[in-house]
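Participant: Sharing a model that was predicted from the sequence below.
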Amino acid sequence: MSDTAPAGSGRCVLVTGGSRGIGAACVSWFVANGDRVAYLARSPAKAADGALALACDVTDPDGVEAAFADIEARLGPVEVLVANAGITRDTLLARMDEEAWRAVIDTNLTGTYRVARRAVARMLRLHRGRLIFVSSVGAFVGLPGQANYAASKAGLVGMARALARELASRSITVNVVAPGLVATDMIEALDASRLEQMKELVPLGRTATAEEVAAAVGFLASEGAGYITGAVLPVDGGMGMGL
Ligand code: NDP
């Protein structure tokens, strides 16, 4: 954890999984936008300049509560939540044991429920707020070996739509970003031939940068997106269109 709270005049933004990849790009986007930014990761080693980095596992309810209390004391109530922390444990169903199923659901889906519930408790009093869930094109395409991951990411869409209706009267919007193939550590884990096969499914013919996803997240958090709620914004080079 960094010792000093970052300066800034904008909103209080929390990004889960902000230590690398898409989350780190979101942290940088909001810091550059003048917001007060905190992020969570299990090992938040690479602290982004100007952000408050907290060690927190989103699968640990007590840890999440402690992190929110810390953020609220140092930066104020969370006004924008980017629920981005996610993992994969890809394997075919026959080999997908309960632990591999549970780990992915608990991090990607239940972890998002946990941080959203905690953030919303304060947003309700503020009568404003933005929730942005990072799902995946995999929620709609359903790639083999990703039953746990696809279920977790599709679950985020249902959760977002239910919350969008539930929270609209308090001016809290809830939206989903669905990235395709993004050049981060997560896809480094794929073998090269599988990655090439997947790129062939992308009309734009390349992976996205994490910054391209962060720009979409930043838009959904912006003033200009105030009338958008319950939406799923694909950032996938066209990979999932029509699904
Ligand atoms: P990375 O693996 O690069 O980063 C994942 C981030 O999540 C890290 O900061 C990691 O930090 C954190 N994290 C993982 N588990 C937990 C946990 N239990 N508690 C708190 N933090 C955690 O992934 P990406 O940047 O590629 O992915 C970010 C999101 O985007 C994920 O939800 C992913 O499913 C989604 N996505 C990614 C795509 C891609 O092609 N890369 C495509 C579509 C969606 P630490 O390990 O220290 O906890």
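Facilitator: Nice, I can see it. Residues are numbered from 1 along each chain as shown.
Participant: Can you verify my assumption that V177 contacts A231?
Facilitator: No - taking C-beta atoms under 8 Å as the definition, V177 is not a contact partner of A231, at 9.5 Å. No exception for glycine: its C-beta is placed from N, CA and C like everyone else's.
Participant: Can you name the residues of this protein sitting close to the ligand?
Facilitator: Contact residues, the chain versus the ligand (C-beta under 6 Å from any ligand atom): 16-23, 40-43, 57-59, 84-87, 107-108, 111, 134, 136, 179, 181-182, 184-187.
Participant: what do V177 and A231 both touch?
Facilitator: Jointly contacting V177 and A231 under the rule C-beta atoms under 8 Å, 6 or more residues apart in numbering are L220.
Participant: Among those two, which residue is more densely surrounded?
Facilitator: Shown here are V177 and A231; by other C-beta atoms under 10 Å, V177 has more neighbours (26 against 15).
Participant: May I have the phi/psi pair for that one?
Facilitator: Recorded main-chain torsions at V177 are phi -110, psi 130, according to degrees, to the nearest 10.
Participant: Contacts only, for it.
Facilitator: Here V177 is in contact with 132-135, 213, 216-217, 220, 232-233, 235 (C-beta under 8 Å, 6+ apart).
Participant: beta partners for it?
Facilitator: For V177, the beta-bridge partners under DSSP bridges are V134, L233.
Participant: Surely V82 is within a strand?
Facilitator: Yes - counting by DSSP: H, G, I helix; E, B strand; the rest coil, V82 is found in a strand.
Participant: which non-adjacent residue is nearest it?
Facilitator: Distances taken as C-beta to C-beta, 6 or more residues apart in numbering place V15 nearest to V82, at 4.4 Å, with adjacent residues excluded.
Participant: Who are the packing partners of the helix or strand hosting the one you found?
Facilitator: Assigned by DSSP states H and E, V15 belongs to strand 12-16. Applying 3 or more C-beta pairs under 8 Å, 6 or more residues apart in numbering; DSSP states H and E, we find strand 12-16 packed against helix 21-32, strand 36-41, helix 61-75, strand 80-83, helix 111-126.
Participant: for these, which one sits closest to L167?
Facilitator: helix 111-126 (6.6 Å; C-beta to C-beta).
Participant: which residues touch V217?
Facilitator: 26, 29, 82, 84, 132, 134, 177.
Participant: show me what contacts Y39?
Facilitator: The contact partners of Y39, taken as C-beta under 8 Å, 6+ apart, are 14-19, 23-24, 27, 48, 51-54.
Participant: which of these lies closest to the ligand?
Facilitator: Closest approach between these and the ligand, by C-beta to the nearest ligand atom: G17, at 2.5 Å.
Participant: and the closest one, what does it touch?
Facilitator: 23, 39-41, 58, 84-86.
Participant: Apart from its neighbours in sequence, what residue is nearest it?
Facilitator: Per C-beta to C-beta, 6+ apart, closest to G17 is A85, 3.2 Å.
Participant: what's the single longest helix in this protein?
Facilitator: helix 147-167 (DSSP state H).
Participant: what's the distance between the residue at the greatest distance from the centre of the chain and the ligand?
Facilitator: Most distant residue from the mean C-alpha position of the chain: A94, 28.8 Å away (C-alpha atoms, centre = their mean). Distance, A94 to the ligand, using C-beta to the nearest ligand atom, to the nearest Å: 23 Å.
Participant: No further questions, thank you.
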